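Participant: Fold the following and give me the result.
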Amino acid sequence: MLVFIDNVVTNPNPAEYMSVLELMTKGGIVMIPILLFSMISVYVFIDKLIYVIKNAKTENSFSQRFLKELSDGRKDQALLMCKHNNSTGRVFESALLKMGKPVQEIEDVMESSANIEISKMERHTGYLGIIAGIAPMLGFIGTISGVIKIFYNISLSDNISIGLIADGLYQKMICSATGLIVGVVAYIFYHYLQMRIDNYSTKLQENVLVFINSI
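Facilitator: Numbers count the residues shown, from 1 in each chain. Next up is the predicted model:
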């Protein structure tokens, strides 16, 4: 509601102009770990996404080119290919060191190397899953503790005021809303990274299978 006094527009309800930061501070002390979790989830997501993008690049028909270099006797060139292909290259480099050994031994070492590379990509992504589960719970805890405090104060003052209840309740609901948002974002981050890692894992297995079948 706007009030005009001497051609000046004033607003009797300053809460309408409350900033986001001010709104967050009204959520209570539980907001601190929730906001901390939000920063951790963003950091982990960006860090792992950069790592996955950098290491999951695989040249088309990498295994065929690798086999051609070996069949032409250019082992040094094949090794150079491995050096330029990050995770996939490291897997094939492990096979290159075992050339001349039984096929089963080569396959085993490539499988072990592939598992290590996938594990490196998945490292720390578990934190996103933990945050996705804990952040909403913290939000609910903050809201419930706030509601308990509201009704405790009412019991002491013996004053049931809708304004008093609503004012305190909306502040505490901020915890639940923020916790849910942080949890949902962390959940999306986690599954997006897993999707990219799974896609890379499938491509890597295809290249390894072509190579093993060819030798």
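
Participant: Could you pull out the helices in this protein for me?
Facilitator: Per DSSP state H, the chain carries helices over the ranges 20-25, 31-55, 62-71, 75-83, 86-96, 103-122, 126-157, 162-214.

Participant: Among the ones you listed, show me which one is buried the most.
Facilitator: The highest mean neighbour count among those, using mean count of other C-beta atoms under 10 Å, belongs to helix 86-96: a mean of 21. Just so you know, the C-beta spots here come from the backbone N, C-alpha and C atoms, and that holds for glycine as well.

Participant: what's the spacing between that helix and its chain's center?
Facilitator: 27 Å (C-alpha atoms, centre = their mean, to the nearest Å).

Participant: for this protein, which spans come out with low pLDDT?
Facilitator: 1-27, 60, 157-168, 170-171 (pLDDT under 70).

Participant: mind running it again at 50?
Facilitator: By pLDDT under 50, the low-scoring segments of the chain are 1-12, 14-17.

Participant: List the residues that contact K48.
Facilitator: Applying C-beta atoms under 8 Å, 6 or more residues apart in numbering to K48 gives the contacts M121, R123, H124, T125, L193.

Participant: Out of those residues, which two sit at the greatest distance?
Facilitator: Maximum pairwise distance among these (C-beta to C-beta): 10.9 Å, between R123 and L193.

Participant: Name all residues that make contact with G129.
Facilitator: Taking C-beta under 8 Å, 6+ apart, we find G129 in contact with A186, Y187, Y190.

Participant: Same list, those residues, but as JSON lines with distance to K68 please.
Facilitator: Converted to JSON lines, the contacts of G129 look like this (distance: C-beta to C-beta, whole Å):
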{"residue": "A186", "distance to K68": "45"}
{"residue": "Y187", "distance to K68": "44"}
{"residue": "Y190", "distance to K68": "39"}
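
Participant: What is the nearest of these to V109?
Facilitator: Comparing those against V109 with C-beta to C-beta places Y190 closest, at 30.6 Å.

Participant: what sits against that closest one?
Facilitator: With C-beta under 8 Å, 6+ apart, Y190 has these contacts: T125, L128, G129, A132.
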